[in-house]
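Q: quick one: sequence plus predicted model below, questions after.
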Amino acid sequence: MTNRRTFFKQAGLIATTAIVSPSFLLKKKYKLGLQLYSIRGPMARDLKGTLKQVATFGYEEVEIYGFSDKKYYGLEPSAFKSLLDENNLTTSSGHYDLNKFMLPGSTDDQMFKYVDECIEGAHTLKQKYIVWPWLDPESRTIDKFKIVADKLNRIGERLKPGNLTVAYHNHDFEFVEHNGQIGYDVILKETDPSLVKLQADLYWLSNASKLKPHDYFVQNPGRYPMWHLKDMSKQDRNLHEIMGEGVIDFKSILKDAELAGAEHMFVEQGNNYHPDPMDNVGKSAVYVKNVLFKQM
């Protein structure tokens, strides 16, 4: 039995440990997240059944993709939120169709009207981040990246009063050289860090860039609140893989989570399903939860 003297001795030891090592108290626990694009086929066939199965895999939060006509997957925001609640799922961020406002004929008025709709939807879902997820091929020149950066800054200003933040998601085309320049550098240098964050797709940062994820985190500390955990096939670097069965050294990368400012981590697999998407994200959940998160 613990007596009074033993209790205070133990309490003092704990306090001393906390002072010596602040991470004792501040160690972050990440929710297991899933980018729903990974299971777009099953989502289209059976939305309710698919989300229910996602929860049984141990996922705790999801990242949505797409928002049109003020709806998520054909549902009003409140209805989709209820569906998430039924399965004890939260959503902290979403991929919204902001890239369409780089296409010919689009106007700033149209963009801000859509952004306001995104704000309303994101508030209903209790999200924190609105992500710019893509650029069409005609929008990948250095001059166009400068326009993207300007739009991101202005969208960030629009979101700020509602306690929302815009983030930019990378692929491979941001790292293609244009006379010695790359688009990703433009995004990093010409956006305001207080208004615009970055979503790190670790597959592409490991695959397409000359620098490593660690280099970007060191150069831009605290600017990467969301990570995509996407592995790379051992046979073909253009193919995705079940987490833990590919070649990317996630154990090393995740050591930089605090440096990068990581808040949310989403499993993603966009291709190379074997045998099917649901089986794959289920296996990835086991690896991330039981291997990667346990080392953190």
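A: Thanks, I have the structure now.
Q: all helices of this structure, in order?
A: 4-20, 23-26, 40-45, 47-56, 77-86, 108-125, 142-159, 183-190, 202-207, 213-219, 250-253, 257-260, 277-287 (DSSP state H).
Q: and the pLDDT for the residue nearest to residue 133 when sequence neighbours are not counted?
A: Closest residue to residue 133 apart from its sequence neighbours, by Cβ to Cβ, 6 or more residues apart in numbering: residue 95 at 3.8 Å. (Glycine included, C-beta is placed from N, CA and C.) Model confidence at residue 95, given as pLDDT, is 98.
Q: burial of residue 95, as a residue count?
A: 23 (other Cβ atoms under 10 Å).
Q: ok, it - contacts?
A: Under the criterion of Cβ atoms under 8 Å, 6 or more residues apart in numbering, the contact list for residue 95 reads 35, 37, 63, 64, 65, 66, 131, 133, 134, 169.
Q: quick one: the closest residue to the second one other than its chain neighbours from residue 222, how far?
A: Read it as residue 37. Ranked by Cβ to Cβ, 6+ apart and with sequence neighbours excluded, the top spatial neighbour of residue 37 is residue 65, at 4.6 Å. With the distance defined as Cβ to Cβ, to the nearest Å, residue 65 ends up 25 Å from residue 222.
Q: one more: residue 32?
A: 23 Å.
Q: cool, residue 37 as well?
A: In terms of Cβ to Cβ, residue 37 sits 26 Å off from residue 222.
Q: of these two, which one has the most company?
A: Neighbour count, other Cβ under 10 Å: between residue 37 and residue 222, residue 37 has more, with 19 against 13.
Q: quick one: contacts for the more buried one?
A: By Cβ under 8 Å, 6+ apart, the residues touching residue 37 are 65, 95, 268, 270.
Q: residue contacts, the last one?
A: In this structure, residue 270 makes contact with 37, 38, 230, 240, judged by Cβ under 8 Å, 6+ apart.
Q: most neighbours of all those residues, which one?
A: That'd be residue 38 among the contacts of residue 270, by other Cβ under 10 Å, with 28 neighbours.
Q: how about residue 263, nearest residue that isn't a chain neighbour?
A: Nearest non-adjacent residue to residue 263, counting by Cβ to Cβ, 6+ apart: residue 225, 4.3 Å away.
Q: what's the answer for residue 246, then?
A: Nearest residue to residue 246, sequence neighbours excluded (Cβ to Cβ, 6+ apart): residue 231, at 3.3 Å.
Q: tell me, how many residues neighbour that neighbour?
A: Around residue 231 there are 25 other residues, counting by other Cβ under 10 Å.
Q: identify the bridge partners of it.
A: Beta-bridge pairing for residue 231 (DSSP bridges): residue 241.
Q: tell me which residues touch it, please.
A: With Cβ under 8 Å, 6+ apart, residue 231 has these contacts: 203, 240-248, 250, 269, 284.
Q: rerun at 7 Å
A: Taking Cβ atoms under 7 Å, 6 or more residues apart in numbering, we find residue 231 in contact with 203, 240, 241, 242, 243, 244, 245, 246, 248.
Q: thought the last one was touching residue 204?
A: No: taking contacts as Cβ atoms under 7 Å, residue 248 lies outside contact range of residue 204: 10.7 Å.
Q: relative to residue 208, which of the contacts of residue 37 is nearest.
A: Proximity of those to residue 208 (Cβ to Cβ) peaks at residue 270, which lies at 14.5 Å.
Q: report the separation between residue 267 and residue 112.
A: The separation that residue 267 has from residue 112, given Cβ to Cβ, amounts to 33 Å.
Q: pLDDT of stretch 151-169, averaged?
A: In this model, stretch 151-169 has a mean pLDDT of 98.
Q: what's in contact with it?
A: 95, 98, 101, 112, 115, 119, 122-123, 128-133, 187, 191-192, 195-199, 201, 226.
Q: what does stretch 79-92 give?
A: Stretch 79-92 is contacted by residues 48, 51-52, 55, 59-64, 72-73, 124-129, 264 when judged by Cβ under 7 Å, 6+ apart.
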